[in-house]
Each structure stands twice: as structure tokens, then as C-alpha cells.
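Undergrad: Prediction below, plus the sequence it came from.
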Amino acid sequence: MDQIITQIGSTVGGFFANPAVQFALQAAAVYVVGLWLASAYWAFRDLQGRTDNPVAPYLAASLVILFTPVFFLLAVTFFLLGIGNSGGNEGMVEVGGWFGLATAAAAWYASFAAVVNSTFGRTVLPVRPLGP
């Protein structure tokens, strides 16, 4: 059994050690963070057209950035892992791993809450609404 687990680990490790796979994962991370920032820009432009208040668009964009927990945690995770791996800092990589687990927990909760709430037709697990 240990030999099978070692073989699987070696295969998966070899797959993720491939430079093309690493590039694809980094490109996907940049894409997701870009979408997150694009949603903040969209909120800024949308509120800029709807109000004469000069502060409201900036507030809306900053709220999208600060209170979108999955993307915020994902950005922090990538930032910490990038710093840790570029400098060879094991502690920073470990902290980035813990932030990655928090990101996974937030994503699982958000998806689980959406399914449960739509199944029961009422709010069972609270989530922040995405639209007006």
C-alpha cells in the first residue's frame, strides 16, 4: 500500500513540477485576481454613473475588494506563497498554506450555502447577496 501511495505522490508531484503546468496555474491565478479587480472597477464605474456623490464610487470599489472573502483570501494566499517561494522562506509558505485552507473553507461555505438556501427556499445559511 505504501508503494502505491508513493507512486501516486511521485506522479502528482511530477505533474505539478512541469514548468508548463506551473505557468498555467500562475496564469489562472492572475486571471482570477484580474476578475476580482475588474469587479471592483465595474462597481466603481457603475456607481459613478448612478450618483453625483464623489466618494461613493471609491467606497463601492473598496468594499468589493475588502469584503469579497474568497477572492481576498485567495489574493493573500498567492501573495504569501509567492513571497515565501521567491525567498525560500519556509515559514511564509506555511502561513500561505494556512491562508489557502481558509480560502478553501470560505469557498466551500459559499457554495454549500447557495445550494442549501436554494434547496429549502429560505435562508438557512446566511450569505451576503451579490446583487441589488
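TA: Good, I have the coordinates.
Undergrad: Burial check on residue 60, number of neighbours?
TA: Counted with other C-beta atoms under 10 Å, the neighbours of residue 60 add up to 20. Where C-beta positions appear, they are placed from N, C-alpha and C, glycine not excepted.
Undergrad: give me the element it is part of.
TA: helix 56-66 (DSSP states H and E).
Undergrad: which parts of that helix are buried?
TA: 57, 60, 61, 64, 65 (16 or more other C-beta atoms under 10 Å).
Undergrad: so where do the strands sit in this protein?
TA: For the chain, applying DSSP state E gives no strands.
Undergrad: pLDDT weak spots in it?
TA: 66-67, 129-132 (pLDDT under 70).
Undergrad: Now do the helix holding residue 60: which elements does it pack against?
TA: helix 19-50 (3 or more C-beta pairs under 8 Å, 6 or more residues apart in numbering; DSSP states H and E).
Undergrad: quick one, the helix it packs on and helix 56-66 angle?
TA: 150 degrees (axes from the mean of the first three to the mean of the last three C-alpha atoms, to 10 degrees).
Undergrad: about what we covered before: residues making contact with the helix holding residue 60?
TA: 36-37, 39-41, 43-48, 51, 72 (C-beta atoms under 8 Å, 6 or more residues apart in numbering).
Undergrad: what would the residues you listed look like in TSV with neighbour count and distance to residue 87?
TA: Compiled in TSV, the contacts of helix 56-66 are given as follows (neighbours: other C-beta atoms under 10 Å; distance: C-beta to C-beta, whole Å):
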residue	neighbour count	distance to residue 87
36	17	25
37	15	25
39	16	31
40	19	29
41	11	31
43	18	34
44	18	34
45	13	37
46	13	39
47	16	39
48	16	40
51	12	44
72	17	23
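Undergrad: Between which two of these is the distance greatest?
TA: Taking C-beta to C-beta, the two most distant members of these are 51 and 72; they sit 24.9 Å apart.
Undergrad: With just CA atoms, put stretch 50-63 into PDB.
TA: Taking C-alpha atoms only, stretch 50-63 is exported to PDB below (Å, rounded to 0.1, in the frame of the first residue of the first chain):
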ATOM      1  CA  ARG A  50     -25.600  56.400 -10.800                       C
ATOM      2  CA  THR A  51     -24.700  59.100  -8.300                       C
ATOM      3  CA  ASP A  52     -23.300  62.500  -8.000                       C
ATOM      4  CA  ASN A  53     -21.500  61.700  -4.800                       C
ATOM      5  CA  PRO A  54     -17.700  61.800  -5.500                       C
ATOM      6  CA  VAL A  55     -16.900  59.400  -2.600                       C
ATOM      7  CA  ALA A  56     -19.400  56.700  -3.200                       C
ATOM      8  CA  PRO A  57     -17.700  55.000  -6.300                       C
ATOM      9  CA  TYR A  58     -14.400  54.700  -4.400                       C
ATOM     10  CA  LEU A  59     -16.300  53.300  -1.400                       C
ATOM     11  CA  ALA A  60     -18.100  50.800  -3.500                       C
ATOM     12  CA  ALA A  61     -14.900  49.600  -5.200                       C
ATOM     13  CA  SER A  62     -13.000  49.300  -1.900                       C
ATOM     14  CA  LEU A  63     -15.900  47.400  -0.400                       C
END
